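*Asks:* quick check, what structure comes out for this input:
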Amino acid sequence: MGDRWHVEVDRGVCIGSGLCVGNAPESFRLDSARQSHARDTDTDANERILAAAECCPVEAIAITLLDSGEPVFPPEE
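*Replies:* Residues are numbered from 1 along each chain as shown. Below you'll find the model as predicted:
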């Protein structure tokens with residue numbers, strides 16, 4: 001069984017670029033104010049979700065391991 005992730009979008013940081021939706025339309029949506037939302041905040045690990053987080057120009061998407069809370073993205077420095 002693979003990792004499970006918790007995905008959060010900081011809507012105070014989100015600028016509505018839509019890159020997350022372009023990379024993972026099954027996992028993100030934009031609301032009427034062009035703010036991103038994760039469709040499922042708790043989900044199976046998925047390379048498309050990781051790519052969406054990495055492409056976000058303002059790093060508004062945070063991914064942590066569901067079990068431990070350990071950061072997946074952005075990585076701890």
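*Asks:* tally of neighbours for residue 2?
*Replies:* 7 (other C-beta atoms under 10 Å). No exception for glycine: its C-beta is placed from N, CA and C like everyone else's.
*Asks:* which residues sit in contact with the closest residue to it other than its chain neighbours?
*Replies:* Spatial nearest neighbour of residue 2, excluding adjacent residues (C-beta to C-beta, 6 or more residues apart in numbering): residue 45 at 5.3 Å. Residue 45 is in contact with 2, 3, 4, 5, 72, counting by C-beta atoms under 8 Å, 6 or more residues apart in numbering.
*Asks:* run the last query once more with 7 Å
*Replies:* Counting by C-beta atoms under 7 Å, 6 or more residues apart in numbering, residue 45 touches 2, 3, 4, 5.
*Asks:* I'd assumed residue 29 was in contact with residue 39.
*Replies:* Yes. Assessed by C-beta atoms under 7 Å, residue 39 is found in contact with residue 29 at 6.0 Å.
*Asks:* and the biggest helix by length in the chain, what's buried?
*Replies:* The single longest helix within the chain, with elements called by DSSP state H, is helix 47-55. Within helix 47-55, the residues scored as buried using 16 or more other C-beta atoms under 10 Å are 49, 50, 51, 52, 53.
*Asks:* how far does stretch 68-77 sit from its chain's centre?
*Replies:* 12 Å (C-alpha atoms, centre = their mean, to the nearest Å).
*Asks:* just checking, residue 6 touches residue 40?
*Replies:* No. With contact defined as C-beta under 7 Å, residue 6 does not reach residue 40; the gap is 9.9 Å.
*Asks:* compare those two (neighbour count), which wins?
*Replies:* residue 6 (17 against 13).
*Asks:* for that one, give its distance to residue 15.
*Replies:* Distance, residue 6 to residue 15, by C-beta to C-beta, to the nearest Å: 22 Å.
*Asks:* please name the nearest non-neighbouring residue to the residue nearest the centre of the chain.
*Replies:* Centroid-nearest residue in the chain, with C-alpha atoms, centre = their mean: residue 61, separated by 4.2 Å. Leaving aside its chain neighbours, residue 61 sits nearest to residue 53 (3.9 Å; criterion: C-beta to C-beta, 6+ apart).
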